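>>> Sequence and predicted structure below; questions after.
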Amino acid sequence: MRKNRAIDVSTGLFVLLGIAAIVFLVTQISNREFTSHGNAYKVVARYENVGGLKVGAPVKVAGVTIGRVEDIGYDMTVFKAVVTIDIDTRYDQIPNDSYFNIFTAGLLGGQYIGIETGGSEDYLKDGDQIEFVQNAIVLENLISKYLFGQAIKETPPGQAPAAATGSPADAGNK
Amino acid sequence: MSTVSELKDATADFLERAGALTRFSSRLLWITPAGFLRPRLLAQQVYNAGALSLAIIMISGLFVGMVMGLQGHDLLARIGSEESLGTGAALTLLKELGPVVTALLFAGRAGTALASEIGLMRATDQLTAMEIMAVDPMKRVVLPRFLGGVISMPLLTGIFVMVSIFGVQLIGVQYFGIDRGQFWSEMRSYVELSDVSEGLIKGLVFGVACSLIAVFEGYNAEPTAEGVGRATTRTVVVSAVATLVLDYIVTALLL
């Protein structure tokens, strides 16, 4: 009888350990950790080009991840991509005139949304539309701009990148 | 002349085994629901197949992970992206290495135990004795062992992968000094839920294959000491080959 109990206990331990391992793999290794909190409010941003942005991409302010891209769709009436963003309710004081820009992590890394805070007294709340956005920078466009910009203006190489990257929204931020 | 007839014999032998395996597995499938009516026997076999394999799985997992840490770091340092170590290791372990190595270890540890145990029951006429007492040995002996293996394999796969990721982390973060946060966040941002489920599906498929082969070989072992030995050897060989072939098929289906 004692031996039976010992076997039952170790069988139970084994099964629990196995299930714990699977839960660990699902929650800790794969990218679900933010949505599992559930305490989030949604805002919607419209972009002309989202580039390689994916559902689940991080949303950062000052480099800190405060949310995730929840959904990416396409609005036929305005011909723009509609990006639904989940932001953690702990960060509920983001000015509603903030810029939502699509950046690339590293030179060729994944894309994320970086928020540049504005100066408004009113904060974003659930269901808000983002007014100020900056589209994804497509590397090919950048390269062609750089090449043609240099050919036309014949600027010295040191100044060329600054002139080439200056898209309208970017210039406004800097 | 003799080579030709040998070849003919071998072919007929192979076909006979394939037919017997088909008959055996359809019989097993038919009585599977009955297996869950005896949770006590089932738990005992989960213990035999799973809990007793835990030590070998965890130790092997740790060292597989540590070797992956060393080799992966060496490779990634050459192209200057060491922080991708977590992503690369996690994907390799989840999708391929975890289920396959677990299945091979499982065949070696639990499969052989099942085959020799059932084979020895056959050799000592215990199975015949059960039949005389109107106890179906398929239900009483074979089915719980088969189901125990099927239940254990995905759990062992999960444990193997978890321990080996810990091993990778040990080498990458503690030894080579990759930033801990970068290691985990890169892993999290690139590993999808479907990668985890792919590994678990493979674990389940291999579990069914390896357990089936083990109980089949044991049940149909020649009732001699030599026959039991041969059945045990064949369990390991057939399980290993079946695992690798099935791995290709499942990967092709899931990609």
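Yes, it's here.

>>> Pull up the pairing partners for the strand ranked longest in chain A, direction included.
Identified as the longest strand of chain A according to DSSP state E is strand A:64-75. Using DSSP bridges, the strands paired with strand A:64-75 are strand A:58-61 (antiparallel), strand A:80-88 (antiparallel).

>>> What about residue 16, how many residues nearby?
Since you didn't name a chain, this refers to chain A. 11 (other C-beta atoms under 10 Å in any protein chain shown). (C-beta placed from N, C-alpha, C; glycine too.)

>>> wait, I meant chain B there
Neighbour number of B:Glu16 under other C-beta under 10 Å is 10.

>>> need the contact list for residue 41.
Chain wasn't specified; assuming chain A. A:Asp86, A:Ile87, A:Thr89, A:Asp92, A:Leu124, A:Lys125, A:Asp126, A:Gly127 (C-beta atoms under 8 Å, 6 or more residues apart in numbering or on different chains).

>>> Not quite, go with chain B.
B:Leu41 neighbours (C-beta under 8 Å, 6+ apart): B:Arg140, B:Pro144.

>>> Roughly how far does it sit from A:Ile7?
Per C-beta to C-beta, to the nearest Å, B:Leu41 is found 12 Å from A:Ile7.

>>> can you pull out the strands in chain A?
A:40-47, A:58-61, A:64-75, A:80-88, A:99-104, A:111-116, A:128-129, A:132-134.

>>> Make JSON lines out of those strands and add mean pLDDT.
Output for those, formatted as JSON lines (pLDDT from 0 to 100):
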{"stretch": "strand A:40-47", "mean pLDDT": "88"}
{"stretch": "strand A:58-61", "mean pLDDT": "86"}
{"stretch": "strand A:64-75", "mean pLDDT": "86"}
{"stretch": "strand A:80-88", "mean pLDDT": "89"}
{"stretch": "strand A:99-104", "mean pLDDT": "86"}
{"stretch": "strand A:111-116", "mean pLDDT": "87"}
{"stretch": "strand A:128-129", "mean pLDDT": "86"}
{"stretch": "strand A:132-134", "mean pLDDT": "83"}
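
>>> Switch those strands over to CSV, and while doing so, append distance to A:Ser30 to every line.
Shown next, in CSV, are those (distance: least, C-beta to C-beta, whole Å):
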stretch, distance to A:Ser30
strand A:40-47, 19
strand A:58-61, 15
strand A:64-75, 13
strand A:80-88, 17
strand A:99-104, 22
strand A:111-116, 18
strand A:128-129, 30
strand A:132-134, 29
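
>>> hmm, back to that, tell me which of the contacts of A:Tyr41 is nearest to B:Ala240?
Here the nearest of the contacts of A:Tyr41 to B:Ala240, counting by C-beta to C-beta, is A:Asp86; it sits at 46.3 Å.

>>> tell me, what residue is most central in chain B?
The residue lying closest to the centre of chain B (C-alpha atoms, centre = their mean) is B:Ala103, at 2.4 Å.

>>> tell me the contacts of B:Ile178?
B:His73, B:Glu82, B:Glu83, B:Leu85, B:Gly86, B:Gly172.

>>> next one: phi and psi at B:Leu244?
phi -70, psi -40 (degrees, to the nearest 10).

>>> residues near B:Ala231, how many?
Quick note: B:Ala231 (other C-beta under 10 Å) scores 25 neighbours.

>>> quick revisit: in terms of helices and strands, where is the residue nearest to the centre of chain B?
helix B:98-106 (DSSP states H and E).

>>> just B:Leu54 next, same as before
helix B:54-79.

>>> mind listing which of the contacts of B:Ile178 are in helices?
B:His73, B:Leu85, B:Gly86 (DSSP state H).

>>> what pLDDT does whichever residue of chain A sits closest to chain B get?
Distances between chain A and chain B by C-beta to the nearest C-beta are smallest at A:Gly18, namely 2.6 Å. For A:Gly18, the pLDDT comes out at 92.

>>> wait, what's in contact with the closest residue to it other than its chain neighbours?
Of all residues not flanking A:Gly18 in the chain, B:Leu155 sits nearest, at 2.6 Å (C-beta to C-beta, 6 or more residues apart in numbering or on different chains). Residues in contact with B:Leu155 (C-beta under 8 Å, 6+ apart) are A:Phe14, A:Val15, A:Leu17, A:Gly18, A:Ile19, A:Ala21, A:Ile22, B:Gly50.

>>> Could you verify my assumption that the last one touches B:Leu147?
No - using C-beta atoms under 8 Å, B:Gly50 and B:Leu147 do not qualify as a contacting pair, with a distance of 11.4 Å.

>>> So these two - more neighbours on which side?
B:Gly50 (26 against 23).

>>> show me where chain B has helices.
B:2-35, B:39-49, B:54-79, B:85-92, B:98-106, B:112-123, B:126-132, B:137, B:143-169, B:180-190, B:193-219, B:225-254.

>>> What about B:Ile132, how many residues nearby?
9.

>>> And chain A, is stretch B:183-198 touching that?
Yes - legend: contact between stretch B:183-198 and chain A by C-beta under 8 Å from any C-beta of the partner chain is shown at B:Trp184, B:Met187, B:Arg188, B:Ser189, B:Tyr190, B:Val191, B:Glu192, B:Leu193, B:Asp195, B:Val196.
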